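In: Just to be clear, the model below is a prediction. Sequence and coordinates:
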Amino acid sequence: MFPIDQIVHYTYKYIAKPFLFRRDPEDVHDTALTLGKTLGKSVLVKSFFRVCFGHQDDSLRQTVCGITFQNPIGLAAGFDKNADILDILPTIGFGYAEVGSVTGGACVGNAKPRLWRIPEEKSLRVYYGLKNDGAEAISARLKGKTFTFPVGVSIAKTNSPATVETEQGIADYMKAAEAFRDIGDYITINTSCPNAFGGEAFSDPARLELLLKAYRELKIHKPTFLKLAADLTHEQLDQIIELSNTYNIDGFICTNLKKEAGEKGGLSGKSVASLSDDMIANIYKKVGKKKVIIGCGGIFSGEDAYRKIRKGATLVQLITGMIYEGPQLISEINRDLVRLLKQDGYTHISEVIGINTL
Ligand SMILES: Cc1cc2nc3c(=O)[nH]c(=O)nc-3n(C[C@H](O)[C@H](O)[C@H](O)COP(=O)(O)O)c2cc1C
């Protein structure tokens, strides 16, 4: 049978995308969220999508830090900032999703325009500035809800001059962490948003240590990952790995957006792919399987995801690939991963993690 994701692939490429890419990127993002939220309320639509896109295979299922992931493909932080579309995401094939980044206070983000497409680089320039409804409102929305796949919560500090000082910044992170103590399966501490007041203050190991100390004092017993900046030096990376051992951090998301000197915002997609690949390999060389590496940056195909996994990633995440290739991409990647594993003579995804790095 001609799989339905192939039909959606060509419809997106030749009809939907040329139309959508003529509209303002943030308007399209908002429309996608409204559509996803509406469709997520329909049992019929969700069942239909599951049949079409919910491709499952034992070879992709893994239990990581006690959480079972049906497949390794997640939605990265920043697309579903306010946790609006968690009902529809698993039905189009996602194995998990990360909401946020959620901050201690609500924030309208930076002035518009703040999202641009760069089609020749298959990238986006992102300058949202941590727009979100805030920890209180988002956690209230999710309280008592059951999810059909693992949900991570990315926390950051409110984009405001009031959180620039280290102490206030940490207090803001802790407010967000506390609000999600009993909600979601894991927490990601986003240390690396390039688009907020005070910059990436917590990429600095000395400040990061204060943040991790305060976080551990909350005694939140959930798998916790650090989202890393794309341009860390080897020395910074070594220090961060050391801190991750001291403060029992389970792993790293590699990476956030790529910064460019003198430019607003950061770049996603193909522009950050090789920085992400290199960091995955670097960390894997240092820590092997003692920490979980989540690969993020420029995944547009099954081959891209497979490459990151072979470099050392246990899970991967994406946003930009889905915007350029269409919502069926997740299902296509899952199918391709199964095919690539078989083609190379493997029976399970865990067998290939890091084999290109060691
Ligand atoms: C529109 C948009 C908003 C983003 N917002 C966040 C955010 O709030 N928090 C975060 O940790 N990363 C954010 N990111 C970065 C992504 O999570 C990811 O690290 C980066 O885009 C690379 O992945 P990709 O190439 O698959 O998009 C955002 C990215 C995009 C495209």
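Out: Ah, there it is.

In: How many residues are close by the closest residue to the ligand within the stretch 151-300 of the chain?
Out: Closest contact between the stretch 151-300 of the chain and the ligand, by C-beta to the nearest ligand atom, is at Ser268 (3.2 Å). The way it works is simple: take the backbone N, C-alpha and C, and place the C-beta from them, glycine included. Residues near Ser268, counting by other C-beta atoms under 10 Å, number 30.

In: which residues does it contact?
Out: Counting by C-beta atoms under 8 Å, 6 or more residues apart in numbering, Ser268 makes contact with 123-124, 126, 257-258, 297-298, 319-320.

In: Closest one of these to Asn248?
Out: Gly297 (25.7 Å; C-beta to C-beta).

In: Let's verify the residue nearest to the closest one when sequence neighbours are not counted: helix, strand, or coil?
Out: Nearest residue to Gly297, sequence neighbours excluded (C-beta to C-beta, 6 or more residues apart in numbering): Ser276, at 3.1 Å. Classification of Ser276 using DSSP: H, G, I helix; E, B strand; the rest coil returns helix.

In: What's the separation between Ser276 and Gly265?
Out: To Gly265, Ser276 is 17 Å away according to C-beta to C-beta, to the nearest Å.

In: Which one's more surrounded, those two?
Out: Shown here are Ser276 and Gly265; by other C-beta under 10 Å, Ser276 has more neighbours (26 against 20).

In: for that one, what are its contacts?
Out: Neighbours of Ser276 in contact, by C-beta under 8 Å, 6+ apart: 230, 254-255, 295-298, 308.

In: unless I'm mixing things up, Arg310 is touching Gly354, no?
Out: Yes. With contact defined as C-beta atoms under 8 Å, Arg310 counts as touching Gly354 (7.3 Å).

In: any chance you could map the helices in the stretch 201-350 of the chain?
Out: Taking DSSP state H, counting those that start in this stretch to define them, one finds helices in the stretch 201-350 of the chain at 205-217, 234-246, 270-287, 302-311, 320-325, 329-343.

In: Got the phi and psi for Ser160?
Out: For Ser160, the backbone dihedrals (degrees, to the nearest 10) come out as phi -160, psi 150.

In: Please disregard the earlier target; I meant Pro119.
Out: phi -60, psi -30.

In: measure the residue nearest to it when sequence neighbours are not counted to Gly109 for me?
Out: Leaving aside its chain neighbours, Pro119 sits nearest to Phe21 (7.1 Å; criterion: C-beta to C-beta, 6+ apart). According to C-beta to C-beta, Phe21 stands 22 Å off from Gly109.
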